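# I'd like to go over a predicted model; first the sequence, then the structure.
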Amino acid sequence: MKLRTKLFALMTALVLLSACAAAPGGGSADEAKFSELRQTLAAAASISFTARIRADYGDKVLDYTLDCAVSNGETRLTVQSPELIAGVTATVKDGGAALSFDGLVLDSTAVGDSAVTPLTAPALIVTALREGHVSNVRREKLDDLDALTVEALDARNNTETFWLNPETGALLRAEIASGGRVVISCTVEGWSIETGNS
């Protein structure tokens, strides 16, 4: 009987130790890291990056490369590609509620019911990074990097997934899923944040 009790105590200790060993790679440490990154984003006066976006609507696929600058509640976009509209600029306000092309305002309902388009995606991504309801924070391999991976629900009930560099906080990749299907895939380059003190 004593041997059985000792074995039970030993197995319990091993289970607890294995649970403790798993903690550093995930859970609260990664959540704390993302919380720090969010504070930096909240304090940012401006954010700039280049987004290589693929929008997959099932019946058609669109590829865009956009230079993005976020400040004062607006996202200003300059199209790099497709070549046919390269150089065109657009401004997205209120998280993608309206698009403005050189003064012409286009209601988001005119570009699809979900309003998740290549031109509204960067604003949705930045807003969800700053304010979205986070449901999961974990580590996941992205190329050779052990990326900080975050899932969040945005204001439009889209599920957004972000892959961030855990050391620099730079956004590397993002996806937006609408209706359970990934509609937007985005690779990010040149992520840069300027604080109000810069």
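Arrived safely, thanks for sending. Numbers count the residues shown, from 1 in each chain.
# can you map out the helices along this structure?
With helices called from DSSP state H, the chain shows them at 2-22, 28-43, 121-131.
# If I average pLDDT within each of those helices, which one is lowest?
With a mean of 39, helix 2-22 has the lowest mean pLDDT of the helices of the chain.
# which residues touch the nearest residue to residue 126 once chain neighbours are set aside?
Counting by C-beta to C-beta, 6 or more residues apart in numbering, residue 70 is the residue found nearest to residue 126 once chain neighbours are left out, at 5.1 Å. Bear in mind the C-beta positions are built from the backbone N, C-alpha and C, glycine included. Residues in contact with residue 70 (C-beta atoms under 8 Å, 6 or more residues apart in numbering) are 46, 47, 48, 76, 122, 123, 126.
# redo that, cut-off 7 Å
Residue 70 sits next to 46, 47, 126 when contact means C-beta atoms under 7 Å, 6 or more residues apart in numbering.
# who's the residue sitting nearest the centre point of the chain bridged to?
In the chain, the residue lying closest to the centroid (C-alpha atoms, centre = their mean) is residue 162, at 3.5 Å. Residue 162 forms beta bridges with residue 150, residue 174, as assigned by DSSP bridges.
# one step back: quick check: bridge partners of the residue nearest to residue 126?
Beta-bridge partners, per DSSP bridges, of residue 70: residue 47, residue 75.
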